[in-house]
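Enquirer: Provide a 3D model corresponding to the input given below.
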Amino acid sequence: MRIVVNFMLRDVWFVHCDADDARTPISPILRVRDQNILIRVLRYVGATDADVVTIDHDIRHWSRGSVWIDLTPGRKNLLRIRSPWCADLV
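Expert: Numbering: from 1, shown residues only. Okay, the predicted model is just below:
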């Protein structure tokens with residue numbers, strides 16, 4: 001399943017996920033304290049090396065960004081994804 005992960009820095013990193021249509025929210029807003037943890041979480045759920053380069057660029061230049069990720073099966077719980085679109089991902 002392909003998702004969009006959006007992240008933005010305010011005192012902490014705010015992260016939320018949208019379905020592949022980039023409009024339908026499929027997770028609550030999560031708070032992450034450290035950008036290294038943010039990158040580790042995104043890599044764990046399916047971000048590729050190229051995605052990590054893009055994420056790092058967005059973090060350094062804009063303190064916000066979005067990345068499309070092919071969600072790894074079994075790892076949706078880390079982002080608290082609850083949606084009928086990902087019912088097949090256990």
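Enquirer: tell me where this protein has strands.
Expert: 2-9, 13-18, 30-32, 64-70 (DSSP state E).
Enquirer: to Leu78, which of these lies closest?
Expert: strand 30-32 (9.2 Å; C-beta to C-beta). (C-beta placed from N, C-alpha, C; glycine too.)
Enquirer: show me the beta-bridge partners of the closest residue to Asp58 other than its chain neighbours.
Expert: Nearest non-adjacent residue to Asp58, counting by C-beta to C-beta, 6 or more residues apart in numbering: Gly65, 2.8 Å away. In this entry, Gly65 is beta-bridged to Phe7, by DSSP bridges.
Enquirer: try Cys17
Expert: Going by DSSP bridges, Cys17 forms beta bridges with Val5.
Enquirer: coming back round to it: need the strands of the chain in a markdown table with mean pLDDT, distance to Asp49 and mean neighbour count, can you?
Expert: As requested, the strands of the chain are exported to a markdown table (pLDDT from 0 to 100; distance: least, C-beta to C-beta, whole Å; neighbours: other C-beta atoms under 10 Å):
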| stretch | mean pLDDT | distance to Asp49 | mean neighbour count |
| --- | --- | --- | --- |
| strand 2-9 | 94 | 16 | 19 |
| strand 13-18 | 93 | 20 | 19 |
| strand 30-32 | 92 | 20 | 15 |
| strand 64-70 | 94 | 12 | 16 |
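Enquirer: could these be laid out in JSON lines, adding distance to Gly46?
Expert: Shown next, in JSON lines, are the strands of the chain (distance: least, C-beta to C-beta, whole Å):
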{"stretch": "strand 2-9", "distance to Gly46": "9"}
{"stretch": "strand 13-18", "distance to Gly46": "11"}
{"stretch": "strand 30-32", "distance to Gly46": "16"}
{"stretch": "strand 64-70", "distance to Gly46": "5"}
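Enquirer: out of these, flag the one nearest Arg82.
Expert: Nearest to Arg82, of these and by C-beta to C-beta, is strand 13-18 at 10.3 Å.
Enquirer: against which helices or strands is that closest one packed?
Expert: strand 2-9, strand 30-32, helix 35-45 (3 or more C-beta pairs under 8 Å, 6 or more residues apart in numbering; DSSP states H and E).
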